[in-house]
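# With the input below, show me the fold.
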Amino acid sequence: MGGDHGPAVTLPACQAFLARHPDAALVLVGTADALAPAAGWARCTLRTATEVITMDDPVEVALRRKRDSSMRVAIAQLKAEDSAAPLAQAAVSAGNTGALMAVARYVLKTLDGIDRPAIATVMPNRRGAYTTVLDLGANVDCTPEHLLQFAVMGSALVAAVGGKEEPTVGLLNIGEEAIKGSETIKLAGELLREAGAAGQINFHGNVEGNDIFLGTTDIVVCDGFVGNVLLKTSEGLASMLSDMIKQEFTRTPFTKLAALVALPVLNRFKARVDPRGYNGAALLGLRGLVFKSHGSADAYAFEQALTRAYDAARNRLLDRVHDRIAQSRGPVAGHEPDARSLAA
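Predicted coordinates for the structure are as follows:
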């Protein structure tokens, strides 16, 4: 029901996903009218909800007033009832990000040793691979301990979905030197180095913004304010580059001919930088797999989010995050309960 387009996008995306993944099944959650076109679909279970969280709803409304919202009903499918197994292994939503994080945290709770969940996604890099970045907006202000927890969870994500058992971790900073950055970043660097020395993570050191696209490390950790600005800037830059290339190659008959010759290369470049191909950010640190799709996602982009959730469930991401935390000290090195999270 969420996002800018709702069922007009999500239903076609679900059809395409099912066609490409014959071993997968979907639980579709929404109002009765929205679900009507999906009646009779193979490998689909329908769950009705009487309320919908809008993109403008504050968190308080999502949590306290709309208790039968499609978002909340969907996330509840991840919880086991008594001795029964949960109906779903992952949830995907294109709805209100703040509400999704709050509802998911309330319904599922966080894993032991994690103060705050983090939003993680991938960005293309020059090595022809991807750099996983977190947090991308769930936590505007972070302590050094939070950044360490992000590194542990990000390592589990890349190990599960990316196939790298010991991915490298970089701490986003204004320079590579350990003496640079705010006090929070400096203290986070110390914790990450200690965790690296203890074999809990594969810590590379400080990295700068350009290292994300150079592929210097597999993972880059930062606070949610910086991460969200980075994400939106990179999406805007990719869109601008695509438009500029299109404009330049359509100026004259000669440039149009050049564009025709270069079309295979241009198409590969467009696919490489197209943000739709990287849609689907993981909300790490919860007792369940929840993925956030971009609100403006089209059917192709939403299908990518479904595929990311499917891959995470198939590769036991939740178990891997739990195991990584358990292998860390106390259960995560440097972990101290966050008074704000306990109050919440």
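
# pretty sure residue 211 contacts residue 217?
Yes: applying C-beta atoms under 8 Å as the test, residue 211 and residue 217 come out as touching, 6.7 Å apart. For glycine as for every other residue, the C-beta is placed from the backbone atoms N, C-alpha and C.

# wait, what's in contact with residue 53?
2, 61, 62, 66, 69, 70, 71, 72, 95, 96, 99, 103 (C-beta atoms under 8 Å, 6 or more residues apart in numbering).

# go on, residue 282?
For residue 282, the contact set (C-beta under 8 Å, 6+ apart) comprises 119, 120, 121, 157, 289, 290, 291, 308, 312, 317.

# Just give the nearest non-adjacent residue to the third one, would you?
In this case it means residue 121. residue 281 (3.9 Å; C-beta to C-beta, 6 or more residues apart in numbering).

# Let me know the average pLDDT across stretch 166-186.
For stretch 166-186, the mean per-residue pLDDT is 94.

# Let me see the residues that make contact with that stretch.
Contact with stretch 166-186 is made by 132, 142-144, 147, 151, 154-155, 158-159, 188-189, 192, 196, 201-209, 211-212, 216-223, 226, as judged by C-beta under 8 Å, 6+ apart.

# Narrow those to those in strands?
Among the contacts of stretch 166-186, the members found in strands (DSSP state E) are 132, 202, 203, 204, 205, 206, 207, 219, 220, 221.

# quick one, helices of the stretch 51-200 of the chain?
59-60, 70-76, 97-108, 144-157, 183-197 (DSSP state H, counting those that start in this stretch).

# Out of those helices, which one sits most buried?
Sort those by mean neighbour count, taking mean count of other C-beta atoms under 10 Å, and helix 144-157 sits at the top with a mean of 27.

# so which helix or strand takes in residue 244?
Element membership of residue 244, judged by DSSP states H and E, is helix 224-248.

# how about that helix: buried residues?
224, 226, 227, 228, 230, 231, 234, 235, 238 (16 or more other C-beta atoms under 10 Å).

# rewinding a little: among the ones in strands among the contacts of stretch 166-186, who's most crowded?
The most crowded member of the ones in strands among the contacts of stretch 166-186, judged by other C-beta atoms under 10 Å, is residue 221 (32 neighbours).

# Just the CA atoms of stretch 313-320, as PDB, please.
Presented in PDB, the C-alpha positions along stretch 313-320 are these (Å, rounded to 0.1, in the frame of the first residue of the first chain):
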ATOM      1  CA  ALA A 313      16.200 -14.900   3.900                       C
ATOM      2  CA  ARG A 314      17.600 -17.600   1.600                       C
ATOM      3  CA  ASN A 315      21.100 -16.900   3.000                       C
ATOM      4  CA  ARG A 316      20.000 -16.800   6.600                       C
ATOM      5  CA  LEU A 317      21.000 -13.200   7.200                       C
ATOM      6  CA  LEU A 318      19.100 -13.000  10.500                       C
ATOM      7  CA  ASP A 319      21.100 -16.000  11.900                       C
ATOM      8  CA  ARG A 320      24.300 -14.500  10.700                       C
END
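
# re the thing from before, I'd like the ones in strands among the contacts of stretch 166-186 as TSV, with distance to residue 113 and pLDDT appended.
Below are those laid out as TSV (distance: C-beta to C-beta, whole Å; pLDDT from 0 to 100):
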residue	distance to residue 113	pLDDT
132	20	96
202	19	96
203	18	97
204	23	96
205	24	96
206	25	97
207	25	97
219	18	98
220	22	98
221	16	97
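
# one step back: of the contacts of residue 282, which belong to strands?
119, 120, 121, 289, 290, 291.

# Farthest pair within the residues you listed?
Pairwise distances across the ones in strands among the contacts of residue 282 peak at 14.2 Å for 121 and 289 (criterion: C-beta to C-beta).

# Tell me where this protein is predicted with low confidence.
When residues are selected by pLDDT under 70, those of the chain lie in 82-83, 248, 259, 263, 265-273, 329-344.

# isn't residue 164 right up against residue 154?
No: using C-beta under 8 Å, residue 164 is not in contact with residue 154; the gap is 11.2 Å.

# Find residues that contact each of these two.
The contact sets of residue 164 and residue 154 do not overlap (C-beta under 8 Å, 6+ apart).

# quick one: residue 215 from residue 89, how far?
Distance, residue 215 to residue 89, using C-beta to C-beta, to the nearest Å: 30 Å.

# Looking at the two, which is more packed in?
Ranked by neighbour count (other C-beta under 10 Å), residue 215 and residue 89 place residue 89 first, with 21 against 17.

# And for that one, nearest residue in space, chain neighbours not counted?
Distance criterion C-beta to C-beta, 6+ apart; nearest residue to residue 89, sequence neighbours excluded, is residue 313 at 4.0 Å.

# from what I can see that neighbour touches residue 90, true?
Yes: contact criterion C-beta under 8 Å: residue 313 and residue 90 qualify, at 4.6 Å.

# Looking at these two, which has the bigger crowd around it?
Using other C-beta under 10 Å as the criterion, residue 313 and residue 90 rank with residue 90 on top: 21 against 17.

# follow-up on the earlier one: can you list the helices and strands that the helix holding residue 244 packs against?
strand 118-124, strand 130-134, helix 209-214, helix 263-273 (3 or more C-beta pairs under 8 Å, 6 or more residues apart in numbering; DSSP states H and E).
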